[in-house]
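>>> From the sequence below, what's the structure:
(4 chains)
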There are 2 protein chains.
Amino acid sequence: MSKTTIAPKRTKPLLLTAIGRVERETGLAKDTLRVWERRYGFPKPLRDGNGERVYPPEQVEKLRVIRRLMDGGMRPGNLVNATLAQLSERFGALRVERGGRSGEPSPLLEYLPLIRAREAGVLQRQLAHDLMRLGLQRFVVDVVAPLNVGVGEAWTRGELEVYEEHLYSEQVQHVLRQALASAPRMTRAPRLLLTTLPGEQHQIGLLMAQACLAVEGAECLSLGPQTPARDIVLAAKAHRVDVVGLSFSSAIRLREARAAVVDLRKRLDRSIGIWAGGGLWSGMKEPVAGVTMIASLDVIPAVLTQWREQHSKAVYA
Amino acid sequence: MSKTTIAPKRTKPLLLTAIGRVERETGLAKDTLRVWERRYGFPKPLRDGNGERVYPPEQVEKLRVIRRLMDGGMRPGNLVNATLAQLSERFGALRVERGGRSGEPSPLLEYLPLIRAREAGVLQRQLAHDLMRLGLQRFVVDVVAPLNVGVGEAWTRGELEVYEEHLYSEQVQHVLRQALASAPRMTRAPRLLLTTLPGEQHQIGLLMAQACLAVEGAECLSLGPQTPARDIVLAAKAHRVDVVGLSFSSAIRLREARAAVVDLRKRLDRSIGIWAGGGLWSGMKEPVAGVTMIASLDVIPAVLTQWREQHSKAVYA
DNA sequence: GGAAATATTTGTCCTAGACAAAAACTTTAG
DNA sequence: CTAAAGTTTTTGTCTAGGACAAATATTTCC
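Just a heads-up that it's a prediction; the model follows:
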């Protein structure tokens, strides 16, 4: 290189975002961003001195909105060439039926204002209060679970900001962990290893499951979120667990999740059960062989009972 | 298409892994995997019917080991053409000086056996005991922080499995959250918004910071990990915080972290401070303008005091 | 010894084409 | 009118090989 590089060589203009960063911020893969540009003409990033894409903030913002509408079930083809204003209007049209049954007195009505008002303290106290009132089991099933669905939907419809959802998660997690810590530690069978697969970040599903299981006396060992399949196999072996429990929020693609579970089933010793739970499976048709699907927290006690019956038979027969 | 597609079209052979999954499992980008194949001849995946790469498990395993050695500072060029056995030997040669000062009576000696023995219950009791004995502040600074570093190093050297580290994290998190819940909730200035940037998953750093800050009476609001810059800005505004606190483990590249912090500084109102903490910054030379770097939890009280002094001056002067 | 210049290594980005899975739409049968 | 079966469109992910700058290692010079 010559010595004429006195001028700063690559001072990226203020706030323009490279493709890698856009991928991280929007969750849209680099390949996807490029193919949209080719097909739909949006996004249309500027280019820096090296011919590399740089995205102005408005485009990143619009991508974010599109992503959100897509999470609600819309397809990009119709979205990319709409204006931001037009996109905002479409939030109302999002399908709401995700959870299924409605009409019940949802805790959402009570809690959503608290989340919206950003009253972290009040929110936490209300949660703690409901926990006291209902007991851990009912609190999880009747309050936290539907609340989660509701918050997810509200977010999808654009009624909540990301940070409001983050704050909510944090409070719920705090309350649940506290409750778990004070719950008596049982050591009845089955021994369970709880975790999520890589890509699934939501911890709350895991905590809810742990709570329901702990209440029923099962011995839980949680690895936290995102354990690679290989390490789940190793851990299950090392800790001699009877069952591996996996949690899936509905924020993940059904196909991928299915494939991952099938893969794990292949790698894991047949004597170890796999229980796959979470909102994701509620819409599923065909089950995976050798895997118990738990579409709702309600059925955990039944699944446990069944396991214990089968297992005691196997042992004493 | 003809109707001769009676034979199953694309039954992926058992346990072979497509490039997307390898990316998720090893953390190596698709581009990187392809460029290594071109340059070094490893990995050398098979091809499926469509000419797409499928990786056999041994290669994925080796990639995982390589990734681990690279996290310890080695470079791929020398690693990719070594056998698995040769790679194992190199774990011993990893640089150990990361933390800097050593020779202190490390809690690692006491705890590592517990983690290794997979005694979740004992581990948690020991942590709780030390918490009682030392108080939250000292517990965090003298036990959890060095323990974290030690566990990270042990993992890097191949002395711990991923699932052992996961289990450790989960226990520590539990104990810390419990302690935080029972700590009195102060409402003294400054108001802090705590979170991590996208890509930084480690929650423990965040919790440690929260603990140290809570002890000093600062009002903390944690959003949990991985809040996009845009949402940090919105949240800081909505909650009228004085300072945004960010935690960085050393598992992230310094350059990217720096860029992200600089970017946030640009977007955030100048009246709102940014405190960037975590193991990552201990090796840093030049600070970022307008950002307070907190290389160690020790200095949090001092930083708080300083902020309070400056701020009271500003208000009453 | 240490600083400066040079060389190598390495990750990320580029283009533009291909194809299969999923979704939407159309047709056919009961 | 519903349901199954077939067709078309939409969409994401994969491919190849080239390019380049940042990071790291090595040599040269004082």
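>>> and the longest helix for chain A?
Of all segments of type helix in chain A, defined using DSSP state H, the longest is helix A:162-182.
>>> Please enumerate the helices of the stretch 1-150 of chain A.
Assigned by DSSP state H, counting those that start in this stretch, the helices in the stretch 1-150 of chain A fall at A:19-26, A:30-40, A:57-71, A:76-79, A:84-90, A:107-116, A:120-138, A:145-156.
>>> With mean pLDDT, mean neighbour count and distance to B:Q124 added, can I get those helices in JSON lines?
C-beta: built from backbone N, CA, C; applies to glycine. What follows is the helices of the stretch 1-150 of chain A, written out as JSON lines (pLDDT from 0 to 100; neighbours: other C-beta atoms under 10 Å in any protein chain shown; distance: least, C-beta to C-beta, whole Å):
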{"stretch": "helix A:19-26", "mean pLDDT": "91", "mean neighbour count": "19", "distance to B:Q124": "34"}
{"stretch": "helix A:30-40", "mean pLDDT": "97", "mean neighbour count": "14", "distance to B:Q124": "42"}
{"stretch": "helix A:57-71", "mean pLDDT": "92", "mean neighbour count": "18", "distance to B:Q124": "37"}
{"stretch": "helix A:76-79", "mean pLDDT": "93", "mean neighbour count": "14", "distance to B:Q124": "46"}
{"stretch": "helix A:84-90", "mean pLDDT": "88", "mean neighbour count": "12", "distance to B:Q124": "48"}
{"stretch": "helix A:107-116", "mean pLDDT": "84", "mean neighbour count": "17", "distance to B:Q124": "31"}
{"stretch": "helix A:120-138", "mean pLDDT": "92", "mean neighbour count": "16", "distance to B:Q124": "19"}
{"stretch": "helix A:145-156", "mean pLDDT": "86", "mean neighbour count": "20", "distance to B:Q124": "27"}
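>>> Need the contact partners of whichever helix or strand comes after the longest helix of chain A.
Tracing the chain past helix A:162-182, the next element assigned as helix or strand by DSSP states H and E is strand A:188-195. Contacts with strand A:188-195, where a contact means C-beta atoms under 8 Å, 6 or more residues apart in numbering or on different chains, come from A:206, A:209-210, A:213, A:217-227, A:232, A:235-236, A:239-247, A:273, A:275, A:304, A:307-308, A:311, B:166.
>>> partners of strand A:188-195 in the sheet?
Its sheet considered, strand A:188-195 pairs with strand A:218-222 (parallel), strand A:243-247 (parallel) by DSSP bridges.
>>> Any residue of the helix or strand just after it touching chain B?
Scanning forward in sequence from strand A:188-195, with DSSP H and E defining helices and strands, the next element found is helix A:204-215. No: using C-beta under 8 Å from any C-beta of the partner chain, helix A:204-215 stays clear of chain B, coming no nearer than 9.7 Å.
>>> Tell me which residues of helix A:204-215 come out buried.
Within helix A:204-215, the residues that qualify as buried are A:I204, A:G205, A:L206, A:L207, A:M208, A:A209, A:Q210, A:A211, A:C212, A:L213, A:A214, A:V215, counting by 16 or more other C-beta atoms under 10 Å in any protein chain shown.
>>> of all of chain A, which residue lies closest to DNA strand C?
A:G20 (2.9 Å; C-beta to the nearest atom of the strand).
>>> which residues touch that residue?
Residues counted as contacts of A:G20 (C-beta under 8 Å, 6+ apart) are A:K30.
>>> Which residue, other than its chain neighbours, is closest to A:V22?
Leaving out its chain neighbours, the residue that sits closest to A:V22 by C-beta to C-beta, 6 or more residues apart in numbering or on different chains is A:Y55, at 5.2 Å.
>>> again, but for A:M208
Counting by C-beta to C-beta, 6+ apart, A:V140 is the residue found nearest to A:M208 once chain neighbours are left out, at 5.0 Å.
>>> And the one you found, how close does it get to DNA strand D?
Look at A:V140 and DNA strand D: by C-beta to the nearest atom of the strand, to the nearest Å, they are 32 Å apart.
>>> OK, contacts around that residue?
In this structure, A:V140 makes contact with A:L176, A:M208, A:A211, A:C212, A:L297, judged by C-beta under 8 Å, 6+ apart.
>>> same thing but 7 Å
Neighbouring residues of A:V140 by C-beta atoms under 7 Å, 6 or more residues apart in numbering or on different chains: A:M208, A:A211, A:C212, A:L297.
>>> just to revisit the earlier point, who does the residue nearest to A:V22 form a beta bridge with?
Under the criterion used here (DSSP bridges), A:Y55 is bridged to A:T17.
>>> What confidence value was assigned to it?
As predicted, A:Y55 sits at a pLDDT of 96.
>>> which of the contacts of strand A:188-195 count as buried?
The neighbour count (16+ other C-beta under 10 Å) marks A:206, A:209-210, A:213, A:218-227, A:232, A:235-236, A:239, A:241-247, A:273, A:275, A:304, A:307-308, B:166 as buried among the contacts of strand A:188-195.
>>> just to revisit the earlier point, what's the longest helix of chain A packed up against?
The contact analysis (3 or more C-beta pairs under 7 Å, 6 or more residues apart in numbering or on different chains; DSSP states H and E) places helix A:162-182 against helix A:107-116, helix A:120-138, helix A:145-156, helix A:204-215, helix B:162-182, helix B:229-238.
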